[in-house]
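Asker: Just need the structure, nothing else, for what follows:
(chains A and B)
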Amino acid sequence: EVQLVESGGGLVQPGGSLRLSCKASGFSFSNYGMGWVRQAPGKGLEYVSAISGNGGSTYYANSVKGRFTISRDNSKNTLYLQMGSLTTEDMAVYYCARDCGGDCSPGFDYWGQGTLVTVSS
Amino acid sequence: QSVLTQPPSASGTPGQRVIISCSGSRSNIGNNYVYWYQQLPGTAPKFLIYRNDQRPSGVPDRFSGSKSGTSASLAISGLRSEDEADYYCAAWDDSLSGVLFGGGTRLTVL
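Answerer: Numbers count the residues shown, from 1 in each chain, chains lettered A, B, ... in the order given. Next comes the predicted model:
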């Protein structure tokens, strides 16, 4: 069974940093691209960042470019999102999601339960 | 312009057929596949439709997707109370070189 479990969310002050993690299980992690999608309170979904299976290709939304870094450790089946210079605009539930790959890409076929990032002084 | 436009709300009665639209442009829907996600209240999104009209295993055939030009639609037939959720369309956008989500449509089953 495919499982994605996020962690690392919490309360951070404006200008602060936070690292999110997503532990994957139930599939061959290195064979799949992965992404982060966020959802601000009461708002819609926003594609934040993505990374290829081997980590060689990455994507960032303009809203986070230069402040966030996506990475993965395939030996640990874990995806990361290092977030810096956080503002209240970054406050959201952050979902880790698996790219379905192949002809299905760039759909996200499995999602974690999400981790809440609160930015407040 | 890199925007996918959905109606903010839709509604129907049990058993009815409801259609949710998603309007984009050549750089997204026009040139790329459309995806649909269902988000039940308080839960993570669920993969509903891929490549315009394909259903992942486990998704009932009451859900169907279509695309024409720069617009796409999600149809839900035989509406049930458990279909009450937010629905999002998504597509790759060539200008952004990333995935674009629509603003979402809240479906209410009356």
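
Asker: which residues does residue 11 contact?
Answerer: Here I'm looking at chain A. Counting by CB atoms under 8 Å, 6 or more residues apart in numbering or on different chains, A:Leu11 touches A:Thr118, A:Val119, A:Ser120. Just so you know, the C-beta spots here come from the backbone N, C-alpha and C atoms, and that holds for glycine as well.

Asker: looking at chain B here, not the other one
Answerer: Counting by CB under 8 Å, 6+ apart, B:Ser11 makes contact with B:Val18, B:Leu107, B:Thr108, B:Val109, B:Leu110.

Asker: what residues does chain A put near chain B?
Answerer: By CB under 8 Å from any CB of the partner chain, the residues of chain A that approach chain B are A:35, A:37, A:44-47, A:50, A:59, A:61-62, A:95, A:97, A:100, A:103-104, A:106-114.

Asker: how many other residues sit next to the closest residue to B:Gly104 other than its chain neighbours?
Answerer: Excluding the flanking residues, the one nearest B:Gly104 by CB to CB, 6 or more residues apart in numbering or on different chains is A:Gly44, at 4.3 Å. A:Gly44 sits with 17 neighbouring residues when counted by other CB atoms under 10 Å in any protein chain shown.

Asker: Next one: A:Gly44 from A:Gly66, what distance?
Answerer: 23 Å (CB to CB, to the nearest Å).

Asker: and what of A:Phe29?
Answerer: For A:Phe29, the distance to A:Gly66 equals 27 Å [CB to CB].

Asker: Chain B: strands as residue ranges?
Answerer: Under the criterion DSSP state E, chain B contains strands at B:9-12, B:18-23, B:34-39, B:46-49, B:63-68, B:71-76, B:85-93, B:98-101, B:105-109.

Asker: and of the ones you listed, who's closest to A:Asp90?
Answerer: Closest approach to A:Asp90 among the strands of chain B is made by strand B:98-101 (16.9 Å; CB to CB).

Asker: and that closest one, average pLDDT?
Answerer: Averaging pLDDT along strand B:98-101 gives 94.

Asker: again with stretch A:72-83
Answerer: Rounded mean pLDDT across stretch A:72-83 is 98.

Asker: go on, stretch A:105-117?
Answerer: Here the average pLDDT along stretch A:105-117 is 96.

Asker: so how far is it off the chain centroid?
Answerer: Between the centre of stretch A:105-117 and the centre of its host chain there is 8 Å, according to CA atoms, centre = their mean, to the nearest Å.

Asker: cool, and stretch A:33-44?
Answerer: 8 Å.

Asker: The residue lying closest to B:Ser66 once chain neighbours are set aside: what's it in contact with?
Answerer: Of all residues not flanking B:Ser66 in the chain, B:Ser73 sits nearest, at 5.2 Å (CB to CB, 6+ apart). B:Ser73 makes contact with B:Ile19, B:Ile20, B:Ser21, B:Cys22, B:Gly65, B:Ser66, B:Lys67, according to CB under 8 Å, 6+ apart.

Asker: Is B:Ser73 bridged to anything, and to what?
Answerer: Counting by DSSP bridges, B:Ser73 is bridged to B:Ser21, B:Ser66.

Asker: next helix or strand past the worst-scoring helix or strand of chain A on mean pLDDT?
Answerer: Lowest by mean pLDDT, DSSP states H and E among the helices and strands of chain A is strand A:58-60, with a mean of 94. Scanning forward in sequence from strand A:58-60 by DSSP states H and E, the next helix or strand is strand A:68-73.
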